[in-house]
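K.L.:
need a 3D model of the sequence below.
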Amino acid sequence: MKKTVFTAALAFGLFATSLHAQDLISGKWDASVVGPQGPMEMSFKLKAGAAGAVTGSMSVSMMPGTEMPISDGMLKGKDVSFKIVMPTPPGAPGGMTLDLTGKVDGDSLTLLPVMPAGAPAGAPAPQPLVAKRAAAAK
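P.N.:
Sure, this is the predicted structure:
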């Protein structure tokens, strides 16, 4: 009997830990950045999966109706990383892959773009992007 109770408690604890990890990242996150063309709103829709996997998409105000899927998403504790392939205008060659790493802290998600290999010397350092968890729809 004690073994059954212990096993059930352990299983519940693992399940609760898994739910907590999902609560850390799952949801919609909104951010605003000021770029060369002015302010830009962006949203991340993220979902935690099995074994720390993160899936989702990003959308930006300058490209209405376009959702860019994330790939290689991982959540380890509060640390998150994923990639986004940014589309190019029609006729332009290939897309640009944006690697992001960051940390979840409550309702705040701080992301930092990783400088691509071969970035020009003297290129400005990437600036952190702070996204806030959007309120759940009622």
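
K.L.:
for the protein, give me the ranges with low pLDDT.
P.N.:
Within the chain, the ranges that satisfy pLDDT under 70 run 1-22, 89-94, 116-120, 137-138.

K.L.:
now do the helices in it.
P.N.:
2-25 (DSSP state H).

K.L.:
report the buried residues of stretch 33-51.
P.N.:
Judged by neighbour count (16 or more other C-beta atoms under 10 Å), stretch 33-51 contains these buried residues: 42-46, 48. In short, each C-beta sits where N, CA and C put it, glycine included.

K.L.:
out of these, who's nearest A121?
P.N.:
Nearest to A121 among those: M42, at 28.4 Å, using C-beta to C-beta.

K.L.:
got a list of what the nearest residue to that closest one once chain neighbours are set aside touches?
P.N.:
Closest residue to M42 apart from its sequence neighbours, by C-beta to C-beta, 6 or more residues apart in numbering: V60 at 4.6 Å. By C-beta atoms under 8 Å, 6 or more residues apart in numbering, the residues touching V60 are 40-42, 66.

K.L.:
same deal with G56?
P.N.:
44-47, 69-70, 73, 82.

K.L.:
go again using 7 Å as the cut-off
P.N.:
By C-beta atoms under 7 Å, 6 or more residues apart in numbering, G56 lies in contact with 44-47, 70, 73.

K.L.:
and the furthest pair within those?
P.N.:
Across those, the two members that end up farthest from each other (C-beta to C-beta) are K45 and G73, 11.6 Å apart.

K.L.:
returning to what we had before: distance to A136 added to the contacts of G56, as a markdown table?
P.N.:
Formatted as a markdown table, the contacts of G56 follow (distance: C-beta to C-beta, whole Å):
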| residue | distance to A136 |
| --- | --- |
| F44 | 15 |
| K45 | 13 |
| L46 | 14 |
| K47 | 14 |
| I70 | 21 |
| G73 | 21 |
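
K.L.:
now intersect the residues you listed with the strands, please.
P.N.:
Among the contacts of G56, DSSP state E puts 44-47, 70, 73 in strands.
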